[in-house]
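Participant: Any chance you could fold what I've pasted below:
(chains A and B)
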Amino acid sequence: MCGIVGLLVRNPKMRDSIGELMLPMLIGMTERGPDSAGLAMFGAPVAANERKFSLYSGVADFNWTKLGHDFEKHLSIKAKVEPKVNHAVLTTTLEPETVKIWLKEHYPQLHLLSVGQLMDIYKDVGTPAQVAERYDFKNFKGTHLVGHTRMATESAITPAHAHPFTAGEDWCLVHNGSLSNANSLRRKLQYEGIEFETDNDTEAACRFLQWRMREGDDLETALNHGFEELDGFYTLLMGTSNQLALVRDPFGCKPAIIAEHDDYVAIASEFRSLAHLPDIKNAKVFEPSPKEMYVWKL
Amino acid sequence: METLKFDLDAKPLREVNQFLHGDASTLDGKSIVIENPNGAHNIAVGLKSDVHVTIKGHAGYYAAGMNQLAKVTIEGSAGSGVAENMMSGVVHVKGFASNAAAATANGGLLIIDGDAGLRTAIALKGADVVVGGSVGSFSAFMAQAGNFVILGDAGEGLGDSIYEAKIFVRGKVKSLGADCEEKTTSPEDRKILADLLAKSGHKDVNPDSFKQYGSARTLYHFHVDNAGAY
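Facilitator: Numbers count the residues shown, from 1 in each chain, chains lettered A, B, ... in the order given. Here you go, the predicted model:
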């Protein structure tokens, strides 16, 4: 199964309460995905010359202060580290490639979840309510978000296997469904020099789109290639710096429902997750057609 | 007529459904309103008495599934499998319906005012289905009996491997499935269509504006020359 949620807040006055608006959406998808949950939050941007790196330690007592000191000492550059339990967001002006190499060398046990100027990613095992509580999702502020609740069917239940996955700066994807050709896609993409972190089928879809966009495709063209090459069932919800995008597989095997309102656009696997949004009675509620791309811009 | 109200924000759905499964003598002729459905699954499934249930909002999966005798009105949209395996009665969705509406339904009438998703009336076994809008791909797949009226368009593969169900489409058909072909509408079939239009709130729609589709009956028995069509 799995549940997906997305929320893009059009009304600037409501952006400070995006976390609160989202929480019942994520918890509404508990029956579809009780084993892990994740959230990509697009918030206030860092300075133009800075990048944020979302990190995951796997252990609750990780010494984030030491990581900050080591980073500044080794690289002679300022870094801000904001820990949240076993996640932290590191902000620095250093080139992403240099940061990645440094992390791999000095902190190989850390997972780098995302890089960008707007997006933070949190994902962990537990029910959606537990994960939301652990990272205080309720108080998140921002413009748009992509969330996921997972019921694992094809690979292990670990934080790294949870969604969202990323494929570039301020770019993330969540998936409801399963792919039957994930292994052959992975082999093909590894041959193209694309690196994988897990054996998860969604990561294969994500890396496929990453590869297409690296080859010059825009998102729409990349997704059209996806319709040809991804074999299986999927509803994919993607977030970028200024938009949310949604596609369903040509057989409409996995669900999605959309509510468009003057104040927000909300997307979920089922209406249960949209029912408690403000003034939902006056939203335009509809089901997206299979094999069509839906895009909402800020 | 006595009206009873249930609020799903206050009362668990299981208790509401158990009440609706009570003895027919206590339920017949009653009118029940269900408030705050909020997309819950399995609302008003398995009803078997002459009761009128109104769902004031959007229903989740399998709403009014296995219905017998009851009239169920959903004022919003319905999730997958609305009126699945219905035996008799009437289910009316005022909004749109998701995939597999009226799957395997044996009898009764399903009315959908809006669009319906993929695989509508899949394996239909005798019920009548009237869709005011359009239906998605693979609708009426292996439909065996019953009547399926579509006022809008139909997606790909309509009526694939169909048996004896009758399909009437007013709009465009993107493609017909294997062994499904256009038929000439007989006076009897025209009457079936006109009656269904009248029963489902479309009495002003001209039955002559529909095309009829049904089985070419070439796939009933395996024949090696047809292997490619299976």
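Participant: Tell me the secondary structure at residue 198.
Facilitator: Picked chain A for this. coil (DSSP: H, G, I helix; E, B strand; the rest coil).
Participant: Please refer instead to chain B.
Facilitator: helix.
Participant: cool, residue B:47 as well?
Facilitator: With three-state DSSP as the criterion, residue B:47 reads coil.
Participant: That one and residue B:24 touch, don't they?
Facilitator: No: using Cβ atoms under 8 Å, residue B:47 makes no contact with residue B:24, being 9.9 Å away. The C-beta positions use only the backbone N, C-alpha and C, and glycine is treated the same way.
Participant: of the two, who's got more company?
Facilitator: It is residue B:47, of residue B:47 and residue B:24, that has more neighbours when counted by other Cβ atoms under 10 Å in any protein chain shown, with 26 against 14.
Participant: got the contact list for that one?
Facilitator: B:20-21, B:53, B:64, B:66-70, B:72, B:89 (Cβ atoms under 8 Å, 6 or more residues apart in numbering or on different chains).
Participant: what's it sitting at in phi/psi?
Facilitator: Dihedral pair for residue B:47: phi -70, psi 150, per degrees, to the nearest 10.
Participant: go on, residue A:133?
Facilitator: Taking degrees, to the nearest 10 as the convention, residue A:133 sits at phi -70, psi -40.
Participant: For residue A:41, give its distance to residue A:238.
Facilitator: 15 Å (Cβ to Cβ, to the nearest Å).
Participant: Report how many residues lie close to residue 228.
Facilitator: Let's take chain A. Residue A:228 has 7 nearby residues by other Cβ under 10 Å.
Participant: if you could check chain B rather than the one you did, that'd help
Facilitator: 7.
Participant: what's the helix or strand for residue A:132?
Facilitator: helix A:128-134 (DSSP states H and E).
Participant: Which parts of the stretch 101-250 of chain A are strands?
Facilitator: A:111-116, A:119-125, A:144-150, A:165-166, A:172-179, A:232-240, A:243-248 (DSSP state E, counting those that start in this stretch).
Participant: Enumerate the positions of the helix holding residue A:132 that are buried.
Facilitator: A:128, A:131-132, A:134 (16 or more other Cβ atoms under 10 Å in any protein chain shown).
Participant: Quick check on residue B:17: phi, psi?
Facilitator: Per degrees, to the nearest 10, the backbone of residue B:17 is at phi -60, psi -40.
Participant: number of nearby residues for it?
Facilitator: For residue B:17, using other Cβ under 10 Å, the count is 17.
Participant: try residue B:29
Facilitator: Residue B:29, neighbours per other Cβ under 10 Å, totals 10.
Participant: Ok, residue A:124 next?
Facilitator: Neighbour count for residue A:124, taken as other Cβ under 10 Å: 20.
Participant: Tell me the bridge partners for it.
Facilitator: Note on residue A:124: beta-bridge partners residue A:37, judged by DSSP bridges.
Participant: shouldn't it be in contact with residue A:111?
Facilitator: No: using Cβ under 8 Å, residue A:124 is not in contact with residue A:111, being 11.1 Å away.
Participant: need the contact list for residue B:201.
Facilitator: B:111, B:113, B:132.
Participant: now with 10 Å?
Facilitator: B:92, B:111, B:113, B:130, B:132 (Cβ atoms under 10 Å, 6 or more residues apart in numbering or on different chains).
Participant: And those residues, which is closest to residue A:99?
Facilitator: Closest approach between the contacts of residue B:201 and residue A:99, by Cβ to Cβ: residue B:113, at 55.8 Å.
Participant: before we move on, the earlier item: redo the buried residues of helix A:128-134 as JSON lines? Include pLDDT.
Facilitator: As requested, the buried residues of helix A:128-134 are exported to JSON lines (pLDDT from 0 to 100):
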{"residue": "A:128", "pLDDT": "98"}
{"residue": "A:131", "pLDDT": "97"}
{"residue": "A:132", "pLDDT": "97"}
{"residue": "A:134", "pLDDT": "95"}
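Participant: Nearest to chain B among those residues?
Facilitator: residue A:128 (16.3 Å; Cβ to the nearest Cβ).
Participant: Buried residues, the lowest-mean-pLDDT helix or strand in chain B. List them.
Facilitator: Ranked by mean pLDDT, DSSP states H and E, the weakest helix or strand in chain B is helix B:24-27, scoring a mean of 90. Applying a neighbour-count criterion of 16+ other Cβ under 10 Å, one finds residue B:27 buried in helix B:24-27.
Participant: going on from it, what's the next piece of helix or strand?
Facilitator: Using DSSP H and E, the first helix or strand after helix B:24-27 is strand B:31-35.
Participant: Determine whether any part of the helix or strand harbouring residue B:110 lies close to chain A.
Facilitator: For residue B:110, the element it lies in under DSSP H and E is strand B:109-112. No: Strand B:109-112 stays clear of chain A (Cβ under 10 Å from any Cβ of the partner chain), getting no nearer than 12.4 Å.
Participant: Can you give me the neighbour number for residue 122?
Facilitator: Looking at chain A here, since you left the chain open. Neighbours of residue A:122 using other Cβ under 10 Å come to 29.
Participant: wrong one, chain B
Facilitator: 21.
Participant: thinking again about what came up before, give the single residue among the contacts of residue B:201 positioned nearest to chain A.
Facilitator: Among the contacts of residue B:201, residue B:113 lies closest to chain A (Cβ to the nearest Cβ), at 13.9 Å.
Participant: For the residue nearest to that closest one when sequence neighbours are not counted, grab phi and psi.
Facilitator: Nearest residue to residue B:113 in three dimensions, chain neighbours excluded: residue B:132, at 4.5 Å (Cβ to Cβ, 6 or more residues apart in numbering or on different chains). Backbone torsions of residue B:132, given as degrees, to the nearest 10, read phi -70, psi -30.
Participant: Could I get the contacting residues of residue B:132?
Facilitator: Residue B:132 neighbours (Cβ under 10 Å, 6+ apart): B:93-94, B:96, B:111-116, B:149-152, B:200-202, B:205.
Participant: quick one: residue B:144 and residue B:166 touch, right?
Facilitator: No: using Cβ atoms under 10 Å, residue B:144 is not in contact with residue B:166, being 11.2 Å away.
Participant: Now render the contacts of residue B:201 as CSV, adding pLDDT.
Facilitator: Below are these laid out as CSV (pLDDT from 0 to 100):
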residue, pLDDT
B:92, 98
B:111, 98
B:113, 98
B:130, 98
B:132, 98
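Participant: Surely residue A:52 forms part of a helix?
Facilitator: No: counting by three-state DSSP, residue A:52 falls outside a helix, being strand.
Participant: Report the separation between residue A:126 and residue B:10.
Facilitator: For residue A:126, the distance to residue B:10 - Cβ to Cβ - is 29 Å.
Participant: So between those two, which is more surrounded?
Facilitator: residue A:126 (17 against 8).
Participant: how near is that one to residue A:221?
Facilitator: 37 Å.
Participant: So which residues lie in contact with stretch A:183-201, not counting its own?
Facilitator: Taking Cβ under 10 Å, 6+ apart as the rule, stretch A:183-201 contacts A:111-113, A:150, A:152-156, A:158, A:160-163, A:165, A:167, A:175, A:177-182, A:203-208, A:210-211, A:214-215, A:229-232, A:234.
Participant: The same query, at a cut-off of 6 Å, please.
Facilitator: Contacts with stretch A:183-201, where a contact means Cβ atoms under 6 Å, 6 or more residues apart in numbering or on different chains, come from A:154-155, A:160-161, A:179, A:182, A:204, A:207-208, A:211.
Participant: what sits against residue 166?
Facilitator: No chain specified, so I'll use chain A. Per Cβ under 6 Å, 6+ apart, neighbours of residue A:166: A:114, A:172.
Participant: that's the other chain; I wanted chain B
Facilitator: The contact partners of residue B:166, by Cβ under 6 Å, 6+ apart, come to B:147, B:214.
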